[in-house]
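Visitor: Just need the structure, nothing else, for what follows:
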Amino acid sequence: MRGLLLILLLAVLPARAAMDITRELVAPDNVVPGQPLRVAMTFWTDTWFNPPPQWPAFVIENGSLLTTPLPNQLLSRHKDGTNWSGIRLERQVMAWDQGVLRLPATEVTLTSPGQPPVTVPLPALEKPVNWPQDTRQPDRFLPASHLTLSQKITQFHAADDQQLHAGDVIERAVTVQAGGIVANQIPRLLYAIPGTETQGLPAENQLLTRGRGDVEGAQRTERLRYLPSQAGTVTLPPVQLRWWDTGHQQWQLADLPGASFQVAAARGAGSEAALRGTTGEQKWRPYLLAGAAVILVIFLWFSRRLIARSCRYLARRWHRFWHPVPLPDLSPVSQQKNPRQLPPF
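Guide: Residues are numbered from 1 along each chain as shown. All right, here's what the predicted structure looks like:
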């Protein structure tokens with residue numbers, strides 16, 4: 001009996017679990033402005049009976065916290081003869097200028113039912129950030145682990161003659177795929193050219209992921225339409241993008257060739273009128289009007305008696321309003337000429 005009571009007592013006692021939290025800055029040896037770094041925070045426990053952790057705020061000095069969604073990870077370790085299980089939270093941070101990226105020291109209090117709270121100190125983390133040598137345009141500086149540049153040129157013709165005329169459209173789409181960056185860091189690559197009107201389309205940004213949703217980079221597609229208004233030659237300039245290779249710590253140059261197009265004179269007038277004449281809207285309009293007229297005639301025929309009574313009623317009301325009935329016996333003049341004889345009492 002005593003053994004059974006002891007087993008029940010041990011079963012109802014709360015489990016005393018060890019808890020710990022660690023923080024680290026995942027970064028290479030040399031960091032440049034605009035290069036995303038990862039701050040990894042891991043909550044460790046030797047049992048899963050603990051409540052989920054309350055993550056501390058990410059306070060960044062001389063940098064900013066990015067909103068790139070990164071998936072959480074489940075980890076395990078063996079330390080001091082104990083098997084630990086952990087959940088890892090990662091966030092991206094970035095420094096936009098040269099200096100020291102710093103995460104100040106803080107304390108985290110971990111709580112669990114049935115045992116006192118545990119306060120874990122987290123030391124400060126620092127990382128120096130420097131511009132690479134031969135940086136020419138800081139506003140167009142692009143650090144990436146890898147980068148590819150591609151383009152697509154499409155012609156839009158108003159007719160099926162495969163000839164580019166004034167009034168047609170030339171669309172140029174340039175796509176940049178780079179690793180270890182965010183899409184807003186990619187500078188603008190397409191600009192207007194003298195003598196030709198242009199129309200810029202909104203850029204399309206997309207995250208590049210791998211595995212189970214881990215973000216590895218970004219893709220940006222920029223489109224520009226050239227609208228030649230007269231005959232001549234339209235020359236699209238080559239595109240060059242100078243970027244910093246963070247893996248090899250050196251400058252790289254990605255380029256795209258230009259292209260030239262011969263533009264003929266504008267097509268003859270009259271095509272718009274012919275195009276409007278082929279729409280199906282005018283074909284069905286006479287039939288719709290004829291059908292509506294037939295329905296109206298049928299409705300008036302079956303409602304002819306009601307319409308006639310309504311007309312007679314309105315005519316009587318109109319005649320009564322404009323031709324009042326005279327009452328000669330009640331007028332004052334008639335009473336003076338023909339005084340009424342009062343009956344004798």
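Visitor: ok, residue 119 touching residue 109?
Guide: Yes: taking contacts as Cβ atoms under 8 Å, residue 119 lies within contact range of residue 109: 5.0 Å. (Each C-beta comes from the backbone N, C-alpha and C, glycine too.)
Visitor: Show me where the stretch 201-345 of the chain has its helices.
Guide: Taking DSSP state H, counting those that start in this stretch as the criterion, the stretch 201-345 of the chain carries its helices at 271-277, 281-302, 304-322, 332-337.
Visitor: Turn these into JSON lines, columns for distance to residue 229, mean neighbour count and mean pLDDT.
Guide: Output for those, formatted as JSON lines (distance: least, Cβ to Cβ, whole Å; neighbours: other Cβ atoms under 10 Å; pLDDT from 0 to 100):
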{"stretch": "helix 271-277", "distance to residue 229": "17", "mean neighbour count": "9", "mean pLDDT": "48"}
{"stretch": "helix 281-302", "distance to residue 229": "31", "mean neighbour count": "9", "mean pLDDT": "85"}
{"stretch": "helix 304-322", "distance to residue 229": "62", "mean neighbour count": "10", "mean pLDDT": "87"}
{"stretch": "helix 332-337", "distance to residue 229": "91", "mean neighbour count": "9", "mean pLDDT": "55"}
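Visitor: would CSV of these with distance to residue 212 be doable?
Guide: Output for these, formatted as CSV (distance: least, Cβ to Cβ, whole Å):
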stretch, distance to residue 212
helix 271-277, 52
helix 281-302, 53
helix 304-322, 76
helix 332-337, 108
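Visitor: Which residue ranges make up each domain of this structure?
Guide: 2-129, 139-263 (automatic domain parsing).
Visitor: and residue 318, which of the ones you listed is closest to it?
Guide: domain 139-263 (63.6 Å; Cβ to Cβ).
Visitor: Show me the one of the helices of the stretch 201-345 of the chain that comes nearest residue 47.
Guide: helix 281-302 (73.8 Å).
Visitor: Other residues contacting the closest one?
Guide: Identification of contacts with helix 281-302 by Cβ atoms under 8 Å, 6 or more residues apart in numbering yields residue 307.
Visitor: got the angle between that helix and helix 304-322?
Guide: Interaxial angle, helix 281-302 versus helix 304-322 (axes from the mean of the first three to the mean of the last three Cα atoms, to 10 degrees): 70 degrees.
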